[in-house]
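K.L.:
next one to model:
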Amino acid sequence: MSTSTPKPELDHEARIFTPEAVYRSPWQRWKDFWFKAADPTTLAFIRICTGLLVLYIHLAYSLDLQAFFGKHGWYAAAFIEKERQESPSYVSSFWDWDANYAFPRLSDFPHRRQALMTFLRGLPTDKTERAAALRYLNRANEFAYPDDFRIALYYLQSMGTRPEELNNYLTVLLGGELESPERTAAYTRDTPPMFRSLPVETRSQIADEIRAMWTTLGRMSWTDPDRDRTYVFNHLVEVAPEQRKSLIDYINTLPEDAVERAKLLDYLEYWNNDPRKAYRLGSGIFSVWFHVTDPTQMAIIHIGVLIVIFLFTIGLFTRVTSVLVWLACVGYIHRTQQVLFGMDTMMNILLFYLMIGNSGAALSVDRLIARYRAVRASLKRTGTLDPQTSAFLAYPPPSVGAGFAVRLLQIHFCFIYAAAGLSKLKGQSWWGGQAFWEVVVNPEFTLMQYGWYEKSLRWFASVKPIYYAMTIIAVWFTLFIEISFAFLIWTRMRWLLILLATAMHALIAVLMGLNLFELLMIVMLLAFLPDRVIRDRLRGAANLVRYRFRFNPQNAAQVRAAACTASMDVDNQVELVPDRTATVPELVGADNQAATGSNGVSTMFRNVRLLGWFRWVLWIPGIRALWGHRLFPQGDATPRESPKTSSLTPRSPTKRS
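P.N.:
Here you go, the predicted structure:
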């Protein structure tokens, strides 16, 4: 009887093809999540897309530069300067959750605010006189129940502006009788219930307090006494109890000094707040447009900003231009905060993270310069391309800084989606589907001006099942993407979520006209594409035309030409072939036909993929000759020494952070 045993060769095969699990500590996983070196091509592609959109946005500003940022623009320089110097900032208590942060508030309606300021400016300057005039208001302010304050204040308001009416109310309050029992009964009904049961001495004090405040109100410079007094009483009654108490406390603590008093009242009228309760005054924002208001100077600076944005987009001096572009764009945003839009926020986020990571390590002029220097250094050392330089030319080195910037962008995007989705759950309109319908029928954003769009909406609304199906599907589609995105984007559903999110932003751009905002959101989605996806899509096919560039490694001019050729050959179509007998660099094709001079330039710009994008520059007079002199130098040039053999191994390019 034989027993079955597993075949040893199967175990051997399993050991061969099953990778061993590498243990990584939690700290190592956390560190790798944030600081793993990544292909910088993804961040570079985001830089190009963002730069083009930012350049378009600021080109559009050029048409209305004075209206947006000028001295007498929509939000004049005088107002923004006042905001920078006087806007209040507040901080909450570090320990106390229930701390009272109510501030004195005036009415938002101009006519009511004017009446309130007339009341405040007309109060006695002397604190003793003011306390006597407002003793009744302070008494009512101490009532525990808001209704008691309302009744007490309306009681004063009902006394009107005639002395006879005031005397009738106070006579009844003190227990006296009027000329008829009916009038006495009528005035008694108007007396607040909490006053009727008080002792005579207390009611006498209240009567004196009412007379003092009534007299003070009568001395003020009202435009219309009955109307303006009503505005003041209504505001004190309608405002929240905490804000009302804060306003009355503000009134009681006004300084006696005329200058300080006027300064505080002016601040309250403009900012609707008490500067004495602010943590600090002024805003820590910056912008060149705070200081430059001359139209000519503004135009020059704006053109300079456009040039810097262009340099950032093409990736020239990216480490510097990325910071300058962010600073410039924030300056534009700070100057026009009154028209701040979600587009500005997304643009600011993208530029900030592109400033952190080395977004110019790929798909940039900086990368071409680095390729040129690497090739020239290799040719100087060895006369040919060493393995390290070849590897550097094949792919941009992985970058920790690029990986960190992309990760920050991913996490920030997840927070944006989660906050947007969860906040929608608090609105009843999203649960019922009305939110989507209100969006598609809003004439301010949508395509309502087109007849076909309006007819389509009317048809959808006319069929009840279709209307409910459309609104419910749209709402749940939006909520699913925004809430689940932060959790499912790290799974195998990544491509599905990227596709659905892109479709959602495209629909919003079409239906609401928020084109730039949605394009910036789609650009942020690029951060979730896996490493090398963009690089592989931009890489040329395998059947590209191949050439050999023959040059003399002992000729300095020909070495520079070879380095320039290799730097622009991002798809490795041209092989560098050192030939010490070459008097002139030659571009040799598969048919062994050599091209040099202007013919070589035309062949290179026609067949090398990167240069093919710029064939149009050869139409500019003198450019073909300039490139011919650079790539195919004629005549003898200063020879260089033969590369010396070194026992040292050439240093490989290090990872960029």
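K.L.:
grab the nearest non-local neighbour of residue 485.
P.N.:
Nearest residue to residue 485, sequence neighbours excluded (C-beta to C-beta, 6 or more residues apart in numbering): residue 417, at 4.5 Å. Where you see a C-beta, it was placed from the backbone N, CA and C, and this is true even at glycine.
K.L.:
surely the one you found is in contact with residue 487?
P.N.:
No - Residue 417 is not in contact with residue 487 according to C-beta atoms under 8 Å; the separation is 10.3 Å.
K.L.:
OK, contacts around residue 632?
P.N.:
Contact analysis of residue 632 by C-beta atoms under 8 Å, 6 or more residues apart in numbering lists 561, 584-587, 596-597, 600-601.
K.L.:
let's see 10 Å
P.N.:
Residue 632 makes contact with 549, 551, 557-558, 561, 565, 584-587, 595-601, 604 under the criterion C-beta atoms under 10 Å, 6 or more residues apart in numbering.
K.L.:
next one: residue 39
P.N.:
Residue 39 is in contact with 361-362, 395-399, 402-403, 406, 530-536, counting by C-beta under 10 Å, 6+ apart.
K.L.:
repeat that with 7 Å
P.N.:
Residue 39 makes contacts with 398, 531-532, 535, as judged by C-beta atoms under 7 Å, 6 or more residues apart in numbering.
K.L.:
what's the neighbour count on the residue nearest to it when sequence neighbours are not counted?
P.N.:
Nearest in space to residue 39, with sequence neighbours left out and distances taken as C-beta to C-beta, 6+ apart, is residue 531 at 4.4 Å. Using other C-beta atoms under 10 Å, residue 531 is surrounded by 18 other residues.
K.L.:
I'd say residue 531 and residue 40 touch.
P.N.:
No - here residue 531 lies out of contact with residue 40, judged by C-beta atoms under 7 Å, at a distance of 9.7 Å.
K.L.:
okay, and the common contacts of the two?
P.N.:
Common neighbours of residue 531 and residue 40 are not found (criterion: C-beta under 7 Å, 6+ apart).
K.L.:
quick one: the strands in the stretch 1-150 of the chain?
P.N.:
Remark: strands assigned in the stretch 1-150 of the chain by DSSP state E, counting those that start in this stretch are 88-89.
K.L.:
any weak-confidence spans in it?
P.N.:
1-21, 98-100 (pLDDT under 70).
K.L.:
and the helices in it?
P.N.:
Secondary structure of the stretch 1-150 of the chain by DSSP state H, counting those that start in this stretch: the helices cover 8-17, 26-35, 41-61, 65-69, 77-86, 110-121, 127-133, 135-141, 146-157.
K.L.:
got the CA coordinates for the longest one in CSV?
P.N.:
By that I understand helix 41-61. Provided in CSV are the C-alpha atoms of helix 41-61 (Å, rounded to 0.1, in the frame of the first residue of the first chain):
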residue,chain,number,x,y,z
THR,A,41,6.7,62.7,-14.6
THR,A,42,3.3,62.7,-12.9
LEU,A,43,4.0,65.9,-11.0
ALA,A,44,5.6,67.4,-14.1
PHE,A,45,2.5,66.7,-16.2
ILE,A,46,0.4,68.3,-13.4
ARG,A,47,2.7,71.3,-13.6
ILE,A,48,2.1,71.7,-17.3
CYS,A,49,-1.7,71.4,-17.1
THR,A,50,-1.8,73.8,-14.1
GLY,A,51,0.6,76.3,-15.7
LEU,A,52,-1.5,76.4,-18.9
LEU,A,53,-4.7,77.1,-16.9
VAL,A,54,-3.0,79.6,-14.6
LEU,A,55,-1.6,81.4,-17.7
TYR,A,56,-5.1,81.5,-19.3
ILE,A,57,-6.6,82.9,-16.1
HIS,A,58,-4.1,85.7,-15.7
LEU,A,59,-4.2,86.5,-19.4
ALA,A,60,-7.9,87.0,-19.0
TYR,A,61,-7.2,89.5,-16.1
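K.L.:
helices and strands around that helix, which ones?
P.N.:
Counting contacts by 3 or more C-beta pairs under 7 Å, 6 or more residues apart in numbering; DSSP states H and E, helix 41-61 is packed against helix 295-314, helix 318-335, helix 342-356, helix 400-424, helix 515-525, helix 533-538.
K.L.:
just checking, next helix/strand downstream of the last one?
P.N.:
On the C-terminal side of helix 533-538, the nearest following helix or strand under DSSP states H and E is strand 547-551.
K.L.:
thinking again about what came up before, in helices, which of the contacts of residue 632 fall?
P.N.:
If you go by DSSP state H, the contacts of residue 632 have 557-558, 561, 565, 597-601, 604 in helices.
K.L.:
compare these and tell me which is most surrounded.
P.N.:
If you count neighbours using other C-beta under 10 Å, the busiest of the ones in helices among the contacts of residue 632 is residue 558, which has 27 neighbours.
K.L.:
that one: what's it in contact with?
P.N.:
For residue 558, the contact set (C-beta under 7 Å, 6+ apart) comprises 551-552, 585, 633.
K.L.:
re the thing from before, between residue 417 and residue 487, who's got more neighbours?
P.N.:
Taking neighbours as other C-beta under 10 Å, residue 417 and residue 487 compare with residue 417 leading, 20 against 12.
K.L.:
quick one, what contacts that one?
P.N.:
Each residue near residue 417 by C-beta under 7 Å, 6+ apart is listed here: 482, 485-486.
K.L.:
ok, so of the contacts of residue 39, who is nearest residue 60?
P.N.:
Using C-beta to C-beta, residue 535 comes nearest to residue 60 of those, at 31.8 Å.
K.L.:
for that closest one, list the residues it contacts.
P.N.:
Residues near residue 535 by C-beta under 7 Å, 6+ apart: 39, 41.
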